[in-house]
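Participant: I would like the atomic coordinates for the input below:
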Amino acid sequence: MKTKKKISEQGAIVLSKKQNADILAGFKLTVKEEDVAHVYRKICELCMDDAIIQKVGATDGLLKSAKNNLVGLMEFKYEEDIRDRKTLCKLLIQVVYYLHHFEGCGEKLPKVLLVGDKDECFVLVSNALAPYLEMKDIDWTISPSTAHTKNRAMLEAMLADPDIHPFIFTFDSKFDFTSIVDKLLDLNKNGPVKLVQITTKNVQRIFAYFTEHVLKQDLTTNEQVELFVNLLIDPDTYCLHPKKNLILTGKAEIKCDRDQFNSFFSHFNPNCTRAEKDNIVRVCDQLLEDETRRRKGAFFTPTIWVDEAHKMIEEKFGKDWKKDYVVWDCASGTGNLTADYKFKELYVSTIDKEEINIQISSNTNSSANRFTYDFLGEEGIDSVPPVLQQAFENGKKVLFLINPPYATAKNGSTAADDSKAGVSKNTIGNRMVDDGMGNSAQQLYAQFMYKILMLQAQYGNNVAMALFSKPTFLTGEHFVEFRKTFLEKFEYKYGMIFQASEFADVSAAWPISFTLWQSSV
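Facilitator: Numbering: from 1, shown residues only. Take a look at the predicted model:
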């Protein structure tokens, strides 16, 4: 029984993981231009069951598909850095000469162009090159492969041409070669080019492309994410300099490749609806899960579990809990735990200022008091805004709604431990050691809980806690003293448990709990 072929939105046959892996391996084995051309032809034949590739003159092939009404010109090289603007334009001058040949023979010009080497490629509509077919004083008799050396005026005009900024596909182990044919079919259709919409599913890969190809300045991961997101949600402030290789942010100038910047935004759609922008902001934490963020053990909280958490809090603390309690998310990230809800008095804080900047730019938690704060960096709350200090001093009811980091500062690592050497060295971790909390002091989420315990003891408030965490503190042998101390002051109210794989890029080997606690004042 034949397996039904999956067809993409543009009409290409979708390649399997094995086919993609075989194609990538094929590119790695190439040693000359003819080998590269063979692999590209294979891609087209796999993705279009009626693909016909004809050798026409000196070209690398004319691609035809009657089903898709497609005629495309193909040109391939072995090792050319086509991400370099000048190299790209040199290749296109060669293509212009091929197009001139078609025109001279009275043949219909190919509508789309596929140009590539063993590591990357791009697709372009041939109309973008039409002005160069009309240039005067051009010697059309010279070899297309050397035409760029004899046509300086054409090269300079092409280098400055705003219509020539093709999106360059770069191949790696996760690349889906179907996207090349999708782009061919997309450009071949009548009407405007359909831009790729940035979604929660593809945003990580798109962000990786942006940082690799567009940015030309060393930034922290948080700074990269802040810049990337604001280019999408605040293009009036965050934009390309009119002349220089710089991105303007309203506060600073960031070095970039302006050609790659234009190429990027000619392929991906920066015009998002309000809901789409909100969704992108909510997955910022996924982008931040590089080595630095993973080392801290910080993870994005999916909206489905946020909503369920709010329902559970309402069930145990009353439907008016958002009015009755001062709510503080002291490990807020980009604010997903509170973003969709209204509170009478809400405070959100995080150690990373870029995350607060993203909240401000996206208008997330707009009515909240948002501030940068190292929750584990001091035993009290002398460094928080005075109004929050007053809430504690005046005995207001306080609810901590948090998804703190889960990392453990132990040497060695297992799927269940997610150990990260050194992350617990801070004021609260040291206090826990001094108080005899043993190895529980190495857990960051336990440190957050202990700081809250200390605040409740200091101010005597009615304190509630709504906590995403590992459930180890309830059963683990290293938490005996911690449990004894914690359970003397906090009473368990409600909870749930689910697989950690529900969170982005987290192993399924260990569970996550959401638990509700009330202080016994």
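
Participant: and the next element down the chain from the top helix by length along the chain?
Facilitator: When the chain is parsed with DSSP state H, its longest helix is helix 85-104. Toward the C-terminus, helix 85-104 is succeeded by strand 112-116 as the next helix or strand (DSSP states H and E).

Participant: what mean pLDDT does the very next helix or strand once past that following strand get?
Facilitator: The helix or strand immediately downstream of strand 112-116 is strand 120-125, counting by DSSP H and E. What strand 120-125 shows for mean pLDDT is 92.

Participant: packing partners of strand 120-125?
Facilitator: strand 112-116, strand 168-170, helix 178-188 (3 or more CB pairs under 8 Å, 6 or more residues apart in numbering; DSSP states H and E). All C-beta spots, glycine's among them, are computed from the backbone N, C-alpha and C.

Participant: which of those is buried the deepest?
Facilitator: strand 112-116 (a mean of 25; mean count of other CB atoms under 10 Å).

Participant: angle of it against helix 85-104?
Facilitator: 140 degrees (axes from the mean of the first three to the mean of the last three CA atoms, to 10 degrees).

Participant: and the helices and strands packed on strand 120-125 as TSV, adding distance to Val125 and mean pLDDT?
Facilitator: Shown next, in TSV, are the helices and strands packed on strand 120-125 (distance: least, CB to CB, whole Å; pLDDT from 0 to 100):
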stretch	distance to Val125	mean pLDDT
strand 112-116	6	94
strand 168-170	15	92
helix 178-188	5	92
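
Participant: so can I have TSV of the ones you listed showing distance to Phe392?
Facilitator: Shown next, in TSV, are the helices and strands packed on strand 120-125 (distance: least, CB to CB, whole Å):
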stretch	distance to Phe392
strand 112-116	62
strand 168-170	52
helix 178-188	54
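
Participant: so which of the ones you listed is nearest Glu223?
Facilitator: In terms of CB to CB, the element of the helices and strands packed on strand 120-125 nearest to Glu223 is strand 168-170, at 22.7 Å.

Participant: re earlier: which one, of the helices and strands packed on strand 120-125, ends up nearest to Glu488?
Facilitator: strand 168-170 (57.3 Å).

Participant: which elements pack onto the closest one?
Facilitator: Using 3+ CB pairs under 8 Å, 6+ apart: strand 168-170 touches strand 120-125, helix 178-188.

Participant: go again with 7 Å.
Facilitator: The contact analysis (3 or more CB pairs under 7 Å, 6 or more residues apart in numbering; DSSP states H and E) places strand 168-170 against strand 120-125.

Participant: what strands flank the strand it packs on, and is each parallel or antiparallel?
Facilitator: strand 112-116 (antiparallel), strand 168-170 (antiparallel) (DSSP bridges).

Participant: what about this structure, any weak spots by pLDDT?
Facilitator: 1-3, 103-108, 190-197, 199-202, 267, 269-303, 361-362, 407-424, 499-510, 521 (pLDDT under 70).

Participant: rewinding a little: nearest to Ile381, of the helices and strands packed on strand 120-125?
Facilitator: Closest among these, once you apply CB to CB, is strand 168-170, at 47.7 Å.

Participant: now do the strands in the stretch 201-350 of the chain.
Facilitator: All strands of the stretch 201-350 of the chain, identified by DSSP state E, counting those that start in this stretch, fall at 239-240, 246-248, 253-255, 268-269, 326-329, 346-350.

Participant: next, format these as a markdown table and append distance to Glu308 and mean neighbour count.
Facilitator: Converted to a markdown table, the strands of the stretch 201-350 of the chain look like this (distance: least, CB to CB, whole Å; neighbours: other CB atoms under 10 Å):
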| stretch | distance to Glu308 | mean neighbour count |
| --- | --- | --- |
| strand 239-240 | 39 | 17 |
| strand 246-248 | 39 | 19 |
| strand 253-255 | 39 | 15 |
| strand 268-269 | 32 | 16 |
| strand 326-329 | 16 | 25 |
| strand 346-350 | 20 | 25 |
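
Participant: make CSV from the ones you listed and add distance to Lys5 to it.
Facilitator: Below are the strands of the stretch 201-350 of the chain laid out as CSV (distance: least, CB to CB, whole Å):
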stretch, distance to Lys5
strand 239-240, 41
strand 246-248, 42
strand 253-255, 44
strand 268-269, 27
strand 326-329, 47
strand 346-350, 47
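
Participant: so which of those strands comes closest to Ile402?
Facilitator: Ile402 lies closest to strand 326-329 among those, at 5.7 Å (CB to CB).

Participant: about what we covered before: CA-only coordinates of the longest helix of the chain in CSV, if you can.
Facilitator: Coordinates of each C-alpha in helix 85-104 appear next as CSV, following Å, rounded to 0.1, in the frame of the first residue of the first chain:
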residue,chain,number,x,y,z
ARG,A,85,26.4,41.0,-1.8
LYS,A,86,29.1,41.4,-4.4
THR,A,87,29.4,37.7,-5.1
LEU,A,88,25.6,37.4,-5.3
CYS,A,89,25.5,40.2,-7.9
LYS,A,90,28.3,38.7,-9.9
LEU,A,91,26.2,35.5,-10.2
LEU,A,92,23.2,37.4,-11.2
ILE,A,93,25.0,39.2,-14.0
GLN,A,94,25.8,35.7,-15.4
VAL,A,95,22.1,35.0,-15.2
VAL,A,96,21.3,38.3,-17.0
TYR,A,97,23.4,37.0,-19.9
TYR,A,98,21.4,33.8,-20.0
LEU,A,99,18.2,35.7,-20.0
HIS,A,100,19.4,37.8,-22.8
HIS,A,101,20.0,34.7,-24.8
PHE,A,102,16.5,33.5,-24.2
GLU,A,103,15.2,36.9,-25.2
GLY,A,104,17.3,36.9,-28.3
